[in-house]
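Enquirer: quick check, what structure comes out for this input:
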Amino acid sequence: MEFYPEDCCKELAKTFESIDEIKNAMMKNEIIEGKVLLCDREHNLHIDLGAIRGIIQREEGALGIDDGTVRDIALISKVGKNVCFNIIGFQRDVFGNTCAVLSRKNVQKRCKEEFLDNLELGDIIDAKVTHLEKFGAFIDIGAGINALIPIDMLSVSRISHPRQRLSEGQKIKVVLRKREGDKLTFSLKELLGTWEENADLFTPGETVTGVIRSIEDYGVFIELMPNLAGLAELEDGLFEGQSVAVYIKSIIKQKMKIKLIIVEAYDKDEKGKELMYFNKGNHISYWLYSPKDSTKLIETDFSEM
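Expert: Here you go, the predicted model:
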């Protein structure tokens, strides 16, 4: 059984034309997705199943709700969004209408036991960005279970806020970097290419676009790719996040340096290049960012973590 971040698999989203269809899905223990219509004052989630309404009672809303490790805001924030669940029974509401009793917690428990608990460091999985904080990006790694990508793990090129790299709702690839009990920490930068892989996309003499990421006394660092930046001379009127056109003066492989000349600076603030994944597999054991003959060593050895 494959597990997906919520609202990422169209095959799971469905409504039913009859109660018999719903009973059949319950017998098969199907994992289903449906849109949350409302969160009532007891923090139960109401789902439109088509033929009838389904209810995820608060304690079945997520792993950790019953012991307080997950706050109720995790349920409230799901209104208007798709969540996963299975059907565990039926009941009648105060008006005598039949409702399906649903559990999101059961699906999360299965996801954890059958998928997440079996991940090894260096495993690459699909994820979806749920929200962004200054210190990192929270991601759905399966069935609405959240994990973190620290800001320094988003790319080699430094950014001041994750929104400069990602956006909420974005589907991404991530690699498992650390496991501390049930707490999983992921990384993105090892999937975005080495210095050489990124530098090979550019040639001295070209004029390309970039984004200013840092302004120092000795120059301006300009991001050409999420894992590649060059240095240009300092000029007046520049600001971090600004989009620029730059002339590539030289690429020095051994020193991992790219010398740039700013041709034109624009007034708009840009996120930067779209993500390009250089690793196409489902596992990475060792990643060497720096060229082999470089004077600086930048690496990630997942086998030693």
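Enquirer: which residues in the stretch 101-250 of the chain form strands?
Expert: Counting by DSSP state E, counting those that start in this stretch, the stretch 101-250 of the chain has strands at residues 124-133, 136-140, 146-150, 171-180, 183-187, 207-216, 219-225, 228-232, 242-252.
Enquirer: using CSV, list the CA coordinates for the longest helix along the chain.
Expert: When the chain is parsed with DSSP state H, its longest helix is helix 104-114. Extracted C-alpha coordinates of helix 104-114, given in CSV (Å, rounded to 0.1, in the frame of the first residue of the first chain):
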residue,chain,number,x,y,z
ARG,A,104,-8.1,9.9,10.0
LYS,A,105,-6.0,8.7,12.9
ASN,A,106,-6.3,5.1,11.7
VAL,A,107,-4.9,6.0,8.3
GLN,A,108,-2.0,8.0,9.9
LYS,A,109,-1.3,5.0,12.2
ARG,A,110,-1.1,2.7,9.2
CYS,A,111,1.1,5.2,7.3
LYS,A,112,3.5,5.4,10.2
GLU,A,113,3.7,1.7,10.8
GLU,A,114,3.8,0.5,7.2
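Enquirer: mind checking the strands of the stretch 101-250 of the chain for the one nearest to residue 26?
Expert: strand 136-140 (24.8 Å; C-beta to C-beta). Just so you know, the C-beta spots here come from the backbone N, C-alpha and C atoms, and that holds for glycine as well.
Enquirer: now do the contacts for the most centrally placed residue in the chain.
Expert: Centre of the chain computed as the mean C-alpha position; nearest residue by C-alpha atoms, centre = their mean is residue 129, 3.6 Å away. By C-beta atoms under 8 Å, 6 or more residues apart in numbering, the contact set of residue 129 is 137, 138, 139, 166, 167, 168, 169, 170, 171, 172.
Enquirer: from residue 158, how far off is the closest residue to it other than its chain neighbours?
Expert: Excluding the flanking residues, the one nearest residue 129 by C-beta to C-beta, 6 or more residues apart in numbering is residue 170, at 4.6 Å. Remark: distance between residue 170 and residue 158 (C-beta to C-beta, to the nearest Å) = 20 Å.
Enquirer: what's across from residue 99 in the sheet?
Expert: As for beta bridges, residue 99 partners with residue 53, residue 91 under DSSP bridges.
Enquirer: neighbours around it, how many?
Expert: Residue 99 has 18 neighbouring residues, counting by other C-beta atoms under 10 Å.
Enquirer: list the contacts for it?
Expert: Residue 99 is in contact with 52, 53, 54, 55, 90, 91, 92, 93, counting by C-beta under 8 Å, 6+ apart.
Enquirer: for those, which single residue is the most surrounded?
Expert: In terms of neighbours by other C-beta under 10 Å, the contacts of residue 99 top out with residue 54 at 23 neighbours.
Enquirer: phi, psi of residue 30?
Expert: phi -70, psi 150 (degrees, to the nearest 10).
Enquirer: likewise for residue 135?
Expert: Here is the backbone geometry of residue 135 (degrees, to the nearest 10): phi -90, psi -10.
Enquirer: isn't it right up against residue 153?
Expert: No: using C-beta atoms under 8 Å, residue 135 is not in contact with residue 153, being 10.9 Å away.
Enquirer: mind giving me the packing neighbours of the helix or strand of the chain with the lowest mean pLDDT?
Expert: Least confident helix or strand of the chain, by mean pLDDT, DSSP states H and E, is strand 257-269 with a mean of 90. Packing contacts for strand 257-269, counted by 3 or more C-beta pairs under 8 Å, 6 or more residues apart in numbering; DSSP states H and E, involve strand 219-225, strand 228-232, strand 242-252.
Enquirer: test my guess that the residue nearest to residue 129 contacts residue 126.
Expert: No: counting by C-beta under 8 Å, residue 126 is not a contact partner of residue 170; they are 11.5 Å apart.
Enquirer: look at the two and report which has more neighbours.
Expert: Between residue 170 and residue 126, counting by other C-beta under 10 Å, residue 126 is the more crowded of the two (18 against 15).
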